[in-house]
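Participant: just the structure for this:
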Amino acid sequence: MNDRYLMPSLLTDLPRKMVLLTGPRQVGKTTLAKQLGDHFERPVFLNYDVAEQAHRIERMSWLPSSDYVLLDELHKMPQWKNYLKGVYDGRPADQALFVTGSARLDTFRQTGDSLAGRYFSYRLHPYSVKELTAHAGISPVVALDRLLRFGGFPEPLFAGTDADHVRWQNQYFSDFLREDILEFGRIHELRSMRLLVEMLRSRTGSPLSYLSLARDLNLSPITVRRYVEILEALHIVFVVTPYHRNIARALSKAPKLYFYDWTYIQNNPAASFENLVAIHLRKHLDFLNDTQGWQSQLHYVQTTSGKEVDFVVASGSGELIGAVEVKWGDSKPSYSLRELTTQVPDLKAVQLVYQMTTPYKVDVTDAQAIEVHPAAAWLASLSA
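Facilitator: Purely as a prediction, here's the structure:
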C-alpha cells in the first residue's frame with residue numbers, strides 16, 4: 001500500500017519531538033501509524049481500545065529498547081495529557097513517540113498545559129485529488145469523479161462499489177451516534193443529534209441559522225450551537241466562518257458548514273462538489289500549517305453589495321490573499337468574484353468549474369484578473 005501524504009513529514013519530525021495525529025474516525029490514522037513502524041527496528045503498537053493493551057499503556061510496560069511507540073486512541077484515557085508528559089519526559093532519547101486520536105485529543109491546542117514544547121501536531125484528512133492521483137496512478141479528472149462518487153475515506157474509496165459505499169456510510173454514522181456521542185456523555189441527546197445531522201445534509205454550504213435549526217428541533221439556539229461544536233470536535237463537520245477584520249463581528253455572523261464525508265449530501269451534485277472543494281482547501285491549509293507553520297485561515301466573504309464568494313484565504317495577519325468561487329457548470333466569472341477582485345489589491349482570484357476542460361483568464365482591471373480553471377487539474381496542484 002502506498003504511503004499517505006503525511007509520511008515524509010512525520011518521519012522527519014518523530015526523532016525530534018512527540019507527534020500527535022488527529023482526524024476523523026476511519027480516515028486512516030491507525031494504518032498510517034503502523035506503516036510508520038515499518039521504518040523502525042523495534043516498534044510497539046498499543047491501542048487503548050483493547051483492554052489488555054490499555055493496561056500496558058497505563059503501566060507504561062513496553063520495553064525501554066523500543067525505538068517507536070504508538071499509543072492509539074489515547075484520548076479515551078483519563079488524564080491523558082499528564083500521562084503523556086510523564087511518558088515523554090521519561091523516555092529514552094532515541095525513542096519515537098506517536099499518539100493518535102479522533103476527538104478530545106484536539107483539545108491540547110487550546111489548553112496551554114504541560115505538553116507545551118513537547119510535540120508536533122498533524123491533522124490527517126480524507127483522500128484528495130492530488131493524493132489519489134499519486135496513489136492510484138490515474139488522471140486528476142478520473143480521481144475527482146471517483147472522489148465525488150465514493151468520498152475520500154479509504155475503505156469505501158478503494159472498495160469502489162456503490163453498495164460497499166452505502167453500507168460503509170450507514171455504519172459510519174451509526175457508530176458515530178452510538179459510540180462517539182456517548183463518549184461525550186450525552187445519552188439523552190442522541191435523538192436530537194441524529195435529527196440535527198439529517199437537517200444539516202440539506203444546509204451544507206449555506207450560512208447556518210441556529211435560530212431556524214432550533215425552531216425545527218424544538219431546542220434553544222445555544223443548545224444547537226453546542227451540538228454543532230460537538231460535531232466539529234468529532235470531525236463529522238467543520239465550519240467556515242465569514243471573513244471580517246473585526247473578529248467579534250465575524251463571530252456574530254452565520255458560519256457555513258461542511259461534512260468531512262461530502263457524499264453524505266444526497267441528490268445535490270453541486271453542493272457535494274462545493275463541499276469537496278472545501279475539504280480540499282482545508283486539507284491544503286492544514287498541511288501547510290502543520291508542516292511549515294503557515295497561519296492562513298479559510299473563510300467565506302460577503303461583498304459590499306451583499307453577494308457571497310464561496311471561499312477566501314486570509315493570511316496570519318488577516319489580509320485576504322486568495323479567493324475561490326465554485327461552480328458546477330458556469331465558466332463565466334461570477335459577479336461576486338469580480339466585485340471582490342476589484343476591491344482587494346493583489347488578490348489571487350480563481351473560479352473552479354467541474355464541467356470544463358480548458359482554463360482561461362479574464363482581466364477585471366489593469367492589474368487584476370480572474371483565473372477560471374477546470375476543477376480537477378487545479379485541485380491536483382494543491383499542496384496535499
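Participant: would you map the strands across the chain?
Facilitator: Taking DSSP state E as the criterion, the chain carries its strands at 18-22, 43-47, 68-72, 96-101, 119-123, 237-242, 256-259, 297-302, 308-314, 320-327, 348-353, 360-363, 369-374.
Participant: parallel or antiparallel, list what pairs with the longest one.
Facilitator: Under the criterion DSSP bridges, strand 320-327 sits next to strand 308-314 (antiparallel), strand 348-353 (parallel) in its sheet.
Participant: need those in CSV with mean pLDDT and mean neighbour count, can you?
Facilitator: To be clear about C-beta, it is placed using only N, CA and C from the backbone, and glycine gets the same treatment. CSV is the format used below for those (pLDDT from 0 to 100; neighbours: other CB atoms under 10 Å):
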stretch, mean pLDDT, mean neighbour count
strand 308-314, 96, 22
strand 348-353, 98, 23
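Participant: I'd like those strands as a markdown table, with distance to Ala369 appended.
Facilitator: As requested, the strands paired with strand 320-327 are exported to a markdown table (distance: least, CB to CB, whole Å):
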| stretch | distance to Ala369 |
| --- | --- |
| strand 308-314 | 16 |
| strand 348-353 | 7 |
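Participant: looking at these, which is closest to Val224?
Facilitator: Smallest distance to Val224 across the strands paired with strand 320-327 (CB to CB): 22.3 Å, for strand 308-314.
Participant: run the angle between that closest one and strand 237-242 for me.
Facilitator: Per axes from the mean of the first three to the mean of the last three CA atoms, to 10 degrees, the angle that strand 308-314 makes with strand 237-242 is 90 degrees.
Participant: now do strand 308-314: everything it contacts.
Facilitator: Strand 308-314 has contacts (CB atoms under 8 Å, 6 or more residues apart in numbering) with 205, 240, 243, 274, 277-278, 281, 285, 296-303, 320-326, 334, 336-337, 340.
Participant: so how do I select the buried members of the residues you listed in PyMOL?
Facilitator: Typed into PyMOL, the next command selects the buried ones out of the contacts of strand 308-314 (criterion: 16 or more other CB atoms under 10 Å):
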select buried, resi 205+240+243+274+277+278+281+285+296+297+298+299+300+301+302+303+320+322+323+324+325+326+334+336+337+340
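Participant: who does the closest residue in space to Val372 that isn't next to it in sequence form a beta bridge with?
Facilitator: Across the structure, with CB to CB, 6 or more residues apart in numbering as the measure, the residue nearest Val372 apart from its sequence neighbours is Gln351 (4.7 Å). With DSSP bridges applied, Gln351 shows beta-bridge pairing to Glu325, Val372.
Participant: wait, doesn't Gln351 sit right on Leu337?
Facilitator: Yes: because the distance of 6.0 Å satisfies CB atoms under 8 Å, Gln351 is recorded as touching Leu337.
Participant: need the residues touching each of these two.
Facilitator: Jointly contacting Gln351 and Leu337 under the rule CB under 8 Å, 6+ apart are Glu325, Ile370.
Participant: one step back: for the strands of the chain, which one sits closest to Leu211?
Facilitator: Minimum separation from Leu211 across these (CB to CB) falls at strand 256-259, 14.9 Å.
Participant: can you tell me what sits against that closest one?
Facilitator: 200-201, 203-208, 228, 236-240, 265, 274-275, 278-279, 300.
Participant: let's see that with 6 Å instead.
Facilitator: If you take CB atoms under 6 Å, 6 or more residues apart in numbering as the criterion, strand 256-259 is touched by Thr204, Gly205, Pro207, Leu208, Val237, Val239, Val240, Asn275, Ala278, Tyr300.
Participant: closest one of those to Ala54?
Facilitator: When these are compared for distance to Ala54, the smallest value, 29.4 Å, is given by Val237; criterion: CB to CB.
Participant: grab the nearest non-local neighbour of the closest one.
Facilitator: Taking CB to CB, 6+ apart as the measure, Val237 lies nearest to Leu231, with 4.7 Å between them; neighbours along the chain are not counted.
Participant: how far away is the one you found from Thr31?
Facilitator: As for Leu231, its distance to Thr31 is 24 Å (criterion: CB to CB, to the nearest Å).
Participant: looking at those two, which one has more neighbours?
Facilitator: In this comparison of Leu231 against Thr31, neighbours counted by other CB atoms under 10 Å, the higher total goes to Leu231 at 22 against 14.
Participant: surely the more buried one meets Phe238?
Facilitator: No: taking CB atoms under 6 Å as the contact criterion, Leu231 and Phe238 are not neighbours in contact, 8.9 Å apart.
Participant: what's the burial count for the residue found closest to Asn2 once you drop the neighbours it is linked to in the chain?
Facilitator: Once flanking residues are discounted, Asn2 sits nearest to His135: 4.8 Å by CB to CB, 6+ apart. A total of 18 residues lie near His135 under the criterion other CB under 10 Å.
Participant: ok, now Tyr335?
Facilitator: The local packing count at Tyr335 equals 11, with neighbours defined by other CB under 10 Å.
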